Structure formats: C-alpha cells, structure tokens
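> generate coordinates for the sequence data below:
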Amino acid sequence: MAATPLVVEGVQFNSSEHLFQTMKFCTEDSINAVYRSHSPKMTTKHYQKLGGHRREDWGNIIIDVMKFCLQMKYEQYSEFRHELGFTCGYNIVELQDAKNDKESSRPNAWGVKTTCASSISAVRENRSP
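Numbers count the residues shown, from 1 in each chain. Predicted coordinates for the structure are as follows:
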C-alpha cells in the first residue's frame, strides 16, 4: 500500500513511517530535521549516530508508538480499513525479500517485524471508526 499523509494534532506527516520516525526524538533540532526530511529513516540514522537526541523512554514506548501510528492510518484512510477487512480470520505476517531489502536479511533480534504484524492485527480487531 502506498504511503499516505496523516494529520496528527493539525500537523501533516508524509506517512505513518514518517510519523513513527519523528516520534523517536526529544530534541527540537532532531524532531524538525526528521520531520522535514525526504528520507526520515536516513535522517534518523544520522541523529542516532550523534547520540543524545533519541527519547530515553523509546525502548519502553516503541510498541505503543507503532500502534498509535497504525491507528492514525486506520482512522484516516478508508482504503487501509478496507484492505484490513479482507484479512479478517487470517493471520497477518510481514513478507521480507532479502534479495531486495538488505535490512531484512539481518537477524531480527528485537522482533519488530513480528510486532508490526501483530500491531496491525490489533488495529484490525479493535475496528475503531
């Protein structure tokens, strides 16, 4: 599914991924840089290497932030809701193609990919709006 803009508290983000990456940070400089970036993941990596910019509680809130971003997308985009509706009764899994995605070929030590699929399933089951 293509990236779709989201509006949160009157602020527009280019996608749920963009919102997610922006929420990692606590300093005004890093938040603004990620927000304005055309490549939020690359900007995020830059600020993480510098240190001192990421939220101290990120490890504790990452799953809640992921769910929040997915919920915003679910509430704002009928196409996303419609597509999730077709998955009722099925498990959601994230397919990774290691040939085309170098990051996915790394060991998944944190379980984030599995957690993303579980979070999407939770949004689907809650069926807000």
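> what's the helix or strand for the nearest residue to residue 37 once chain neighbours are set aside?
What sits nearest to residue 37 in space, not counting adjacent residues and going by C-beta to C-beta, 6 or more residues apart in numbering, is residue 43, at 3.9 Å. Bear in mind the C-beta positions are built from the backbone N, C-alpha and C, glycine included. Assigned by DSSP states H and E, residue 43 belongs to helix 40-50.
> over to residue 91?
Of the helices and strands defined by DSSP H and E, none includes residue 91.
> on that earlier part again, what packs against the helix holding residue 43?
Packed against helix 40-50 by the contact rule (3 or more C-beta pairs under 8 Å, 6 or more residues apart in numbering; DSSP states H and E) you find helix 16-22, helix 28-36.
> pLDDT below threshold where in this structure?
Counting by pLDDT under 70, the chain has low-confidence residues at 1-2, 94-115, 127-129.
> would you list every one of the strands in it?
6-8, 11-13 (DSSP state E).
> and the first one, what does it pack onto?
In terms of contacts (3+ C-beta pairs under 8 Å, 6+ apart), strand 6-8 is packed against strand 11-13, helix 16-22, helix 58-76.
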